[in-house]
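Student: coordinates only, sequence not included:
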């Protein structure tokens, strides 16, 4: 979360000559990021990104305390002037009357009952007040902080929150409907109307306050309710501060969609000790700005007191993690200034963590972070790790090498690469939906199923680029298959689509065949597809690799199992020395029925002799197919007689198997 | 005189071979074999010699003349060929070319390749880990508390499947850090991993796509420190963005690292002075930190003996940061308009 604070406000608690920009820079480098310093009249506004672990810095007082430590570490003079509370004597008199109050508090004005364990602390006090406009300075400080000024009674709650970091609340005492409040968990279906006049149905589990009549009067730690909020007529208030289990607050706030600053702070594990600081400071402000008079004893219910914890860290560990030697004195100095108590015993530091940091600092590493960040990450040197791993990688076994090579090959053949979403809508899913890997909490209807093929996504790209007459696209990405009691299987696929007028199947086959040749994959086969006539199924080493589909005369797609493909890819090359004896070439024209595949004919011809080194189809016209046959003997020149014998052997084999005759 | 002849010959040959045009060649011809050429002049001088010497030198002069003339003719022919070709092909070179096919790789692929090359040079090994993984690898072992917001179903996509008794529900990975866990469980130490993968979050607006990419580094060994993390980040930034760019780390908060950092690089537009595009001279690059002891423990590594660092950055982010691409909606990257893709 981001908060904004006026520079002059910060300087009420921080004495320094540093400019606002210097303060921002040092805080950013050592604590939390001050993302912007904005000029405002004669002043500056800090825009601070408070990380979830440092809610103590979401306050003017906390930020001043931090600056008071980190600025001097970096050679800038700065002194923290802590928030001074007038009622410090009260601290020993919990649940007792306040000495400085001029009225005798009335004990039965307010009773609070805790009906759940999620409450860490509740503080409350009843005060007589006079509603009015806030002074200019308060208005200015709140409005530059992004908080709208309403009246002094409300403004004080926000002012206290900004100074201490602890959200606070104010009720109109006379609208609470009695003297007793019960804090309990909401039941499912209960309704509330918040002070901004919106009605919500509760999910159950929210922390609420209920009055004697059983009406809900507060959604604790998140937002006040309309029925108990102060109005222009308010004469008597309950100033109310609480600390509730953070997880409960976050859940309620997210479920209801009420993301007030109070909720965002309260979900960050604030220190319950802050409640008291906020209460005292609030009382002080009501007295100063609203003619406030305390009329009840202070109620302070504190069932879960925060404790100071100790962490032990060795000096060796500090140096090893930070990477340079930092003296024990330096470490102790930094920690002490941050409010930690440190005892050194031999090579260990025994560090007591202040309650304001108790949630964040629990481990030796947390202590090291405190030392390192204040020492200044920017003051550390830069060095590459010298260690090297033993891991050897053979290029041929590196899938990333092949992936890049294939992508480049396709690119230079004119294909453009797409990145489509892994998640698809129902209409793009192929196959039974109950077998789909399905997202149980989809964001919208577009992203529901994990795709089991890339083709529908690519076809959608084609249709979304309608104005292009020719489209050649490809993608390499995972598809997902459901498995019983296991993670879904992720299979990397290579898919492409070509849209072109009268695109030939053989052009697409050519791309794949040349791709296989380039990859050194040689044991592949193109087989007729089962459905017949609309494409081919491709096999590598008898395993199914993928297919080419003819969708219509202008549209063809292909999809291959990328992992299987590269498993057969090879960088090994074989060199065969040129033969000393010339080849003999011959064209044989045959009359072959249409149902016999060219590949079958070629295979049969090749099988007849090892002297037949190559057979290719060079022409096809109706039932005639012409094959180009190359004979060669590496030992000697072939004679006319030998060629004739081979030729006859070929013909007789074809005749025997299919009754094929020469043209 | 014979020496003089040799000098003339060498001089002529070298001039002829360097001749660039017919005109130049003609001048050379006149200089050596013309009526008042050097070879003609020297021939006139043999009258001063004794009769038998006269015959010998005369023969040599003739031979030289022959060589020079032949060479002139050959060279002339060559120069002539070129000249004729130009005349024969009267083309307009500004007419359109016949282009070989040229497609385009997606910008994300191009950036991933570059990132991979940079880290491989300093000994990182690229790995690939599941995009759909158990909660245990994506959160639990990474020290995310059970109630952490990232484990809520409004931030992370869950797969409809029975949770595994040991590893919990199945999610689409919201970051590449599950790779840290799998790497540490599967590999011998020391480790230097680069993991680049698709990642998913339940968010879709101008600056977020529900599917995006991250690249993650993980180094685990003895005495790995913040200084090493700084060194590695600095190397990457200088390699990828340019040698003049600076890097800084600031305190931040992540569950799986302690300390945690946010990594900034100096703004390339204002050179770190501060401008509209940056935050006081700096741009946020991503997160990093020292591997949290609980994460090491979850992977059976003793945090007292070993330490490590990790970083996780958005691929799209570094793409947009360097190119200064004026893409107003990140989702354009996955819209697959050819108009867009063909510009890369």
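Tutor: Arrived safely. It should be emphasised that the depicted structure is a prediction, and the values quoted were computed from it without experimental measurement.
Student: So the chain: which segments form each domain?
Tutor: Reading this off chain A. Listed by automatic domain parsing, the domain ranges of chain A are A:2-80, A:88-301, A:309-377, A:395-567, A:584-662.
Student: Let me rephrase: I mean chain B.
Tutor: Split by automatic domain parsing, chain B gives B:2-88, B:107-341.
Student: so how far is the first residue of the last one from its last?
Tutor: The separation between the terminal residues of domain B:107-341, taken as CA to CA, to the nearest Å, is 8 Å.
Student: tell me how far it is from the chain's mean position?
Tutor: 21 Å (CA atoms, centre = their mean, to the nearest Å).
Student: now the domains of chain A as a markdown table including mean neighbour count, mean pLDDT and distance to residue B:124?
Tutor: To be clear about C-beta, it is placed using only N, CA and C from the backbone, and glycine gets the same treatment. What follows is these, written out as a markdown table (neighbours: other CB atoms under 10 Å in any protein chain shown; pLDDT from 0 to 100; distance: least, CB to CB, whole Å):
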| stretch | mean neighbour count | mean pLDDT | distance to residue B:124 |
| --- | --- | --- | --- |
| domain A:2-80 | 20 | 94 | 28 |
| domain A:88-301 | 19 | 91 | 36 |
| domain A:309-377 | 18 | 95 | 19 |
| domain A:395-567 | 17 | 96 | 12 |
| domain A:584-662 | 14 | 92 | 46 |
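Student: Reformat those domains as JSON lines; add distance to chain B.
Tutor: Putting the domains of chain A into JSON lines (distance: least, CB to the nearest CB, whole Å) gives the following:
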{"stretch": "domain A:2-80", "distance to chain B": "4"}
{"stretch": "domain A:88-301", "distance to chain B": "4"}
{"stretch": "domain A:309-377", "distance to chain B": "3"}
{"stretch": "domain A:395-567", "distance to chain B": "3"}
{"stretch": "domain A:584-662", "distance to chain B": "25"}
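Student: Next, find the distance separating residue B:241 from residue B:176.
Tutor: 21 Å (CB to CB, to the nearest Å).
Student: picking up where we left off before, which of the domains of chain B sits closest to chain A?
Tutor: For these, proximity to chain A was assessed by CB to the nearest CB; domain B:107-341 is nearest, at 2.9 Å.
Student: quick check: mean pLDDT across the closest one?
Tutor: For domain B:107-341, the mean per-residue pLDDT is 94.
Student: that older thread, out of the domains of chain A, which comes closest to residue B:153?
Tutor: When those are compared by CB to CB, domain A:395-567 sits nearest residue B:153, at 4.4 Å.
Student: Would you point out which residue is most central in the chain?
Tutor: No chain in the question, so chain A it is. Note on chain A: the residue nearest the mean C-alpha position is residue A:443, at 14.6 Å, using CA atoms, centre = their mean.
Student: I was after chain B.
Tutor: By CA atoms, centre = their mean, chain B has its centre lying nearest to residue B:114, at 5.8 Å.
Student: Over to that residue. Which of the three states is it?
Tutor: helix (DSSP: H, G, I helix; E, B strand; the rest coil).
Student: repeat for residue B:35
Tutor: Three-state call for residue B:35 (three-state DSSP): coil.
Student: Residue A:556 now?
Tutor: Per three-state DSSP, residue A:556 ends up strand.
Student: right, and it touches residue A:503 too?
Tutor: Yes - using CB atoms under 8 Å, residue A:556 is in contact with residue A:503, at 5.4 Å.
Student: For the stretch 251-400 of chain A, which segments are assigned as strands?
Tutor: Using DSSP state E, counting those that start in this stretch, the strands assigned to the stretch 251-400 of chain A run over residues A:293-294, A:299-301, A:309-314, A:341-345, A:348-353.
Student: Of the domains of chain A, which is nearest residue B:171?
Tutor: Residue B:171 lies closest to domain A:395-567 among those, at 9.7 Å (CB to CB).
Student: Off-centre distance for that closest one?
Tutor: On the basis of CA atoms, centre = their mean, domain A:395-567 sits 28 Å off its chain's mean C-alpha point.
Student: Same question for stretch B:329-344.
Tutor: Worked out by CA atoms, centre = their mean, stretch B:329-344 lies 22 Å from the chain centre.
Student: does any bit of that stretch sit next to chain A?
Tutor: Yes - remark: stretch B:329-344 sits within contact range of chain A at B:333-334, B:336-338, B:341-342, by CB under 8 Å from any CB of the partner chain.
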